[in-house]
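In: I would like the atomic coordinates for the input below:
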Amino acid sequence: MLLLGLTVGAFVILGKVNSGRYVIACHADEVVAEQGRKFPPWGTRAIDGAEWKPIKIPPQAECRERDTEDEAELSAWYLDTLIDRASTALTAREVTKVDEANAMLEQALLHARAPDRRDKRKEIERLLGDVGYWRAAAKVKEASSALTDAAKQFDEAAAQRPRHVTDAAAWANYARRLVQDLRVGPAGAPSEEPQPTEHGGAPMGTALPVEPDAGSATPPPVDAGAATPADAAAPSGGVLL
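Out: Have a look, this model is predicted:
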């Protein structure tokens, strides 16, 4: 009985000591925060909680394993790792992991709530500004693609010589000019007026001929107060950008 009691006591002491051990563990594709187990088998286990979710890393990423007996120190290490990985994703040659970076920064905020980490929170907020920038840039890219498609459709419409609208070619040229301006960006020079398209579209503002209805007499008189295609703020067919 004495031997059993000593054995149980030793296990309790060892478990208490081991549970006070915290580790940054490097795995093949992630960094994991771990804590020592209280019961056999000894070793460590991943810490639960949203702030301790594993951090994804590429195979070539640098990772340094560390251990401490202070959970606050472990939190500081994890916070630095989250900020570093998010910053790396947002400064890549081609930024494609914006959502992943945003998730890491949101996780980092959970570790930066202490008053002495106010500077870290400011850094995270600035990086979240980078996230917003790249999300907006993606929308501009989508808009550019949509405008390019719209220009092609206006070209196709102009080639068919629409009966009720006359400014399809003008809108095709205008859409292409917007695409050019988006590609140059706010720091670039204004784009030049695009040339007529290969489909034979007229220069911007030039009305295309409209065939009269079969059997009709002379065309109806023009209302002097009506808006002309060149004056219209949207395609005369009702299309809005």
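
In: which strands or helices does the lengthiest helix in the chain pack on?
Out: In the chain, taking DSSP state H as the definition, the longest helix is helix 118-159. Here helix 118-159 touches helix 71-90, helix 98-111, helix 168-184, going by 3 or more Cβ pairs under 8 Å, 6 or more residues apart in numbering; DSSP states H and E. From N, CA and C alone the C-beta is placed, and that goes for glycine too.

In: I'd like these laid out as TSV, including distance to Arg45, mean neighbour count and mean pLDDT.
Out: Compiled in TSV, the helices and strands packed on helix 118-159 are given as follows (distance: least, Cβ to Cβ, whole Å; neighbours: other Cβ atoms under 10 Å; pLDDT from 0 to 100):
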stretch	distance to Arg45	mean neighbour count	mean pLDDT
helix 71-90	14	19	97
helix 98-111	19	20	98
helix 168-184	51	20	96
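
In: related to what we said a few turns ago, so how far is the longest helix of the chain off the chain centroid?
Out: Averaging C-alpha positions (Cα atoms, centre = their mean, to the nearest Å) puts helix 118-159 8 Å from its chain's average.

In: ok, for Ala151, nearest residue in space, not its chain neighbours?
Out: Excluding the flanking residues, the one nearest Ala151 by Cβ to Cβ, 6 or more residues apart in numbering is Ala175, at 3.9 Å.

In: which residues does the one you found contact?
Out: Leu147, Thr148, Ala150, Ala151, Phe154, Leu241 (Cβ atoms under 8 Å, 6 or more residues apart in numbering).

In: go with 10 Å
Out: Ala175 is in contact with Ala146, Leu147, Thr148, Asp149, Ala150, Ala151, Lys152, Gln153, Phe154, Asp155, Pro194, Leu241, counting by Cβ atoms under 10 Å, 6 or more residues apart in numbering.

In: just the buried ones from the residues you listed, in PyMOL syntax?
Out: This is the PyMOL syntax for the buried subset of these, where burial follows 16 or more other Cβ atoms under 10 Å:
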select buried, resi 147+150+151+154+155+194
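
In: re earlier: look up how far Val165 lies from the residue nearest to Ala151.
Out: 15 Å (Cβ to Cβ, to the nearest Å).

In: sorry, back to before: do you know how far the residue nearest to Ala151 is from Thr148?
Out: Ala175 sits 8 Å away from Thr148, going by Cβ to Cβ.

In: shouldn't Ser144 be in contact with Arg177?
Out: No: taking Cβ atoms under 10 Å as the definition, Ser144 is not a contact partner of Arg177, at 11.9 Å.

In: can I get the CA coordinates of stretch 115-122 in PDB?
Out: Only the C-alpha atoms of stretch 115-122 are listed here, as PDB (Å, rounded to 0.1, in the frame of the first residue of the first chain):
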ATOM      1  CA  PRO A 115      -3.600  46.600 -22.000                       C
ATOM      2  CA  ASP A 116       0.100  46.100 -22.500                       C
ATOM      3  CA  ARG A 117      -0.400  44.900 -26.000                       C
ATOM      4  CA  ARG A 118      -2.100  48.100 -27.300                       C
ATOM      5  CA  ASP A 119       0.700  48.600 -29.900                       C
ATOM      6  CA  LYS A 120       0.100  45.100 -31.200                       C
ATOM      7  CA  ARG A 121      -3.600  45.900 -31.700                       C
ATOM      8  CA  LYS A 122      -2.700  49.000 -33.600                       C
END
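
In: thinking again about what came up before, can you lay out the contacts of Ala175 as a markdown table showing pLDDT?
Out: A markdown table is the format used below for the contacts of Ala175 (pLDDT from 0 to 100):
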| residue | pLDDT |
| --- | --- |
| Ala146 | 98 |
| Leu147 | 97 |
| Thr148 | 98 |
| Asp149 | 98 |
| Ala150 | 98 |
| Ala151 | 98 |
| Lys152 | 98 |
| Gln153 | 98 |
| Phe154 | 97 |
| Asp155 | 97 |
| Pro194 | 48 |
| Leu241 | 46 |
